[in-house]
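S.K.: Return a 3D structure for these sequence lines:
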Amino acid sequence: MTIKEIAEMANVSSATVSKVLNGKDQYISEATRQRILEIVEREGYIPNAIAKSLKMKSTKTLGIVIPDVMNLFFSELARGIEDAAEKKGYSVILCNSDNKESKEEKYIQVLQEKMVDGIILTASEKSVSKSLKRRNTPMVLLDRDISIDGKVGRIVVDNEEGTYNATSHLIDKGCKNIGFISSANINKPSGQRLKGYERAILENHMSYDENKIFLKNYTIDTGYEGTMTMLDRTEIDGICCGNDLIAIGAIKALKEKGIDVPEKVKITGFDDIQVSQYLDPPLTTVRQPIYEMGEEAVKMLISIIEKKDVEIEKILKTILVERSST
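M.R.: Model (predicted):
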């Protein structure tokens, strides 16, 4: 959609449209101004701020939107993306949404205005698609489930199998009362991780107890709060955590209560962020191929940009890494 096309639809000149878009419309009637703005809104017009200097319509730039830059999982993911993009001659613009839908929408709009060649949208605790309805830029979703029309790449991991293996490992270690702390079940990865826990519990003929489930956010605070809540209302000898940050909070809570890990309560995490091996005790966790996920996302996105034949969905496996917390 161009200014010329908007002008034709509004039955006005391109100059009139330009004045309205640039706020220099004091001598244009309110009816005309509203008509132009309605067309701009309806057609999803995105101002092309740098098109005049671009003959090839390519900036060799990729955008990445992550929900939490403080989460080491996303830091490592971004590093994988940046390194892979650099090898292909692309630079990267990083945007942190703080898990807020409004910020995500804003950044997707900004990235398109900057004419990035493609966008990588990473996992979020939100499950929204409003911000993508007017997308006109190639995109790859990283471990995120959103229904979008058109060709969109997807890189996912087997979340259900990962937590199934972690819970089964706790059972093999002799745990009889296993809690599960994770993010609220509002997106597909969160739901899959809960399902993996449930499957392991039921297949081993153990009781599925809601008192042993605590769902909030993928944060250290959630691990701490969830563990304290479980200790107050039930007995636990193992905790399967939805990510490593939650496991860090769980270990802190247990230590404050004087409960030994792993002697009294065994802990597993998910992600295998770098700090996990340096915890006290070192954390048994489900390793996601984090860096590889970033690399694969870039490869897929560039293939889509270049209109090459490419498999637009790739499922990566997880590995259980056993350390001293179990």
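
S.K.: Now that Val69 has come up, it's in contact with Glu76, right?
M.R.: No. Using C-beta atoms under 8 Å, Val69 is not in contact with Glu76; the gap is 11.6 Å. The way it works is simple: take the backbone N, C-alpha and C, and place the C-beta from them, glycine included.

S.K.: Now do the strands in the stretch 1-150 of the chain.
M.R.: 61-66, 91-96, 118-122, 139-142 (DSSP state E, counting those that start in this stretch).

S.K.: what does the last one rub up against?
M.R.: The reference is to strand 139-142. 77, 118-123, 132, 148, 152-155, 293-294, 297, 300-301, 304 (C-beta atoms under 8 Å, 6 or more residues apart in numbering).

S.K.: Please enumerate the strands of the stretch 151-300 of the chain.
M.R.: So, for the stretch 151-300 of the chain - with DSSP E, counting those that start in this stretch - the strands run 153-157, 178-183, 213-216, 238-241, 266-271, 284-287.

S.K.: Show me what the fourth one pairs with in its sheet, parallel or antiparallel.
M.R.: With DSSP bridges as the criterion, the sheet partners recorded for strand 238-241 are strand 178-183 (parallel), strand 266-271 (parallel).

S.K.: Those strands into CSV, with extra columns for mean neighbour count and distance to Ser18?
M.R.: Shown next, in CSV, are these (neighbours: other C-beta atoms under 10 Å; distance: least, C-beta to C-beta, whole Å):
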stretch, mean neighbour count, distance to Ser18
strand 178-183, 26, 46
strand 266-271, 29, 49
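
S.K.: closest one to Lys252 among these?
M.R.: In this view, these are compared for proximity to Lys252 by C-beta to C-beta, and strand 266-271 is the closest at 10.9 Å.

S.K.: related to what we said a few turns ago, output the strands of the stretch 151-300 of the chain as CSV; include the columns distance to Thr61 and mean pLDDT.
M.R.: Shown next, in CSV, are the strands of the stretch 151-300 of the chain (distance: least, C-beta to C-beta, whole Å; pLDDT from 0 to 100):
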stretch, distance to Thr61, mean pLDDT
strand 153-157, 17, 92
strand 178-183, 31, 97
strand 213-216, 36, 96
strand 238-241, 36, 98
strand 266-271, 28, 97
strand 284-287, 31, 98
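
S.K.: returning to what we had before: looking at Val69 and Glu76, which one has more neighbours?
M.R.: For Val69 versus Glu76, neighbours defined as other C-beta atoms under 10 Å are more numerous around Glu76 (19 against 14).

S.K.: Surely that one and Gln288 touch.
M.R.: No. Using C-beta under 8 Å, Glu76 makes no contact with Gln288, being 9.4 Å away.

S.K.: Quick check: buried residues in stretch 159-175?
M.R.: Neighbour-count burial for stretch 159-175, counted by 16 or more other C-beta atoms under 10 Å, picks out 159-171, 175.

S.K.: and which of those residues is nearest Gly89?
M.R.: Asn159 (32.8 Å).

S.K.: gap between that closest one and Glu198?
M.R.: Taking C-beta to C-beta, to the nearest Å as the measure, Asn159 falls 13 Å from Glu198.

S.K.: do Ile246 as well
M.R.: 17 Å.

S.K.: Tell me which residues touch Val152, please.
M.R.: Met139, Val140, Leu141, Ile312.

S.K.: was I right about Asn165 contacting Glu322?
M.R.: No. Asn165 is not in contact with Glu322 according to C-beta under 8 Å; the separation is 10.7 Å.

S.K.: burial count for the spatially closest residue to Glu82 that is not a sequence neighbour?
M.R.: Beyond its immediate neighbours in the sequence, the residue positioned closest to Glu82 (C-beta to C-beta, 6 or more residues apart in numbering) is Val92, lying 4.9 Å away. Neighbourhood size, Val92 [other C-beta under 10 Å]: 18.

S.K.: pLDDT score for Val92?
M.R.: Note for Val92: predicted pLDDT of 96.

S.K.: Tell me what it is bridged to.
M.R.: Bridge pairing for Val92 - DSSP bridges - gives Leu62.

S.K.: 268 is where my numbering starts, stick with that
M.R.: Happy to do that; since the first residue is 268 now, the last one works out to Val359.

S.K.: isn't it right up against Lys327?
M.R.: No. In this structure, Val359 is not within contact of Lys327 by C-beta under 8 Å, at 10.5 Å.

S.K.: Any stretches of the chain with poor pLDDT?
M.R.: 315-324, 390, 392-402, 414-417, 452-453 (pLDDT under 70).

S.K.: From Ile513, how far off is the nearest residue to Ile448 once chain neighbours are set aside?
M.R.: Excluding its sequence neighbours, the residue lying closest to Ile448 (C-beta to C-beta, 6+ apart) is Gly493, at 3.8 Å. Distance, Gly493 to Ile513, using C-beta to C-beta: 7 Å.
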